[in-house]
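Participant: compute the structure for the input listed below.
(2 chains)
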Amino acid sequence: GDSVTQMEGPVTLSEEAFLTINCTYTATGYPSLFWYVQYPGEGLQLLLKATKADDKGSNKGFEATYRKETTSFHLEKGSVQVSDSAVYFCALSVGSVNKFYFGSGTKLNVKP
Amino acid sequence: NAGVTQTPKFRVLKTGQSMTLLCAQDMNHEYMYWYRQDPGMGLRLIHYSVGEGTTAKGEVPDGYNVSRLKKQNFLLGLESAAPSQTSVYFCASRDTLYYEQYFGPGTRLTVT
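Facilitator: Okay, here's the model as predicted:
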C-alpha cells in the first residue's frame, strides 16, 4: 500500500545549523509529495510541494527534491532559525480523490 | 477569508456520550476530509467527501459517521464515544484543480 516513512525526532539544532529531515515513500501510482509544518497548537500548513519526479519544491529557505529513483523527498534548510521550531510532516497524495498519507512527523527544536 | 474553521476547539466527553464536530470552509472547495492525529502516528484519514451529498470511508472509519449536506460544511459524528477516540481531529479541504489540502486548527477531544 501507499505509505510515508520519515525520520524520528526530536531533532535539536543550534541556530544557523544545517537541517535535513529524511522522508521516503512507497506508492502504487505517481504521487505528489508534500511537506507540511505544524506550529504548537495550530493546524498543518503547507510548506512546499512537488508533483513530479525531479521537481524541487522550495519555500522560506526550505527545499526538497522529488527523487523517484530513491523514492525520497528529504527536507533541507541551510541555516535554521529559532522560529523554525515545529513539527514537520512528509506526505504523499495519490489517486483522483487526493488521499493523503502522512509520515509520523519530526519535531524540530532550534536553540539560540 | 476564514479558510477552514472547526467547532469546538476543545471537548471532554464521558464514555458512551455522543457529539458532532463541525468543519466549515469558505473557499468553495469540493473535497473535504476528516483526520485524527495521535502521538507518533501522523494523521490518519477517517472519512472524506468529494462533493455535497457524498461521503466515503478512509483508513480508520469505525466509530465515526459523517454528513455533507451543504458544500461548505462537513460534520463528523461520534455516536458512542470511547477512550480510544481521544485524539486531535483535523478537517481539511481542497479544490479540484490543485493537490494541496488546507487544514483547520483542530479539535482536541478527550474521552474519559
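Participant: could you pull out the strands for chain B?
Facilitator: B:4-7, B:10-13, B:19-25, B:31-37, B:43-49, B:56-57, B:65-67, B:73-78, B:87-94, B:102-103, B:107-111 (DSSP state E).
Participant: now do the fourth one, average pLDDT.
Facilitator: Model confidence over strand B:31-37 averages 95 on the pLDDT scale.
Participant: ok, and what's touching that strand?
Facilitator: A:97-98, A:100, B:21, B:23, B:25, B:43-51, B:58, B:60, B:64, B:66, B:68, B:74, B:76, B:85, B:87-96, B:101, B:106 (Cβ atoms under 8 Å, 6 or more residues apart in numbering or on different chains). Any C-beta I mention is one placed from the backbone N, CA and C, and that applies to glycine too.
Participant: at 6 Å what do you get?
Facilitator: Applying Cβ atoms under 6 Å, 6 or more residues apart in numbering or on different chains, the external contacts of strand B:31-37 come out as B:43-50, B:74, B:76, B:87-94.
Participant: check the residues you listed against chain A, which are close?
Facilitator: The subset of the contacts of strand B:31-37 within reach of chain A, by Cβ under 6 Å from any Cβ of the partner chain, is B:Leu43, B:Val50, B:Phe90.
Participant: ok, and the closest non-adjacent residue to residue 74?
Facilitator: Since you didn't name a chain, this refers to chain A. Spatial nearest neighbour of A:His74, excluding adjacent residues (Cβ to Cβ, 6 or more residues apart in numbering or on different chains): A:Asn22 at 5.2 Å.
Participant: try chain B instead
Facilitator: In space, B:Phe74 is closest to B:Met32, 4.0 Å off (Cβ to Cβ, 6+ apart).
Participant: re the thing from before, and the contacts of strand B:31-37, which of them are buried?
Facilitator: For the contacts of strand B:31-37, burial is judged from neighbour counts taken by 16 or more other Cβ atoms under 10 Å in any protein chain shown, and it is met by B:43-50, B:74, B:76, B:87-94.
Participant: what parts of chain A come near chain B?
Facilitator: So chain A meets chain B at A:Ser32, A:Glu42, A:Gly43, A:Leu44, A:Leu46, A:Ser93, A:Val97, A:Phe102, A:Gly103, A:Ser104, A:Gly105 (Cβ under 6 Å from any Cβ).
Participant: near chain A, which residues of chain B show up?
Facilitator: Residues of chain B lying near chain A (Cβ under 6 Å from any Cβ): B:Gly40, B:Met41, B:Gly42, B:Leu43, B:Val50, B:Phe90, B:Tyr99, B:Glu100, B:Phe103, B:Gly104, B:Pro105, B:Gly106.
Participant: determine which two of the residues you listed are furthest apart.
Facilitator: Greatest spatial distance among the residues of chain B next to chain A (Cβ to Cβ): B:Gly40 and B:Val50, at 29.9 Å.
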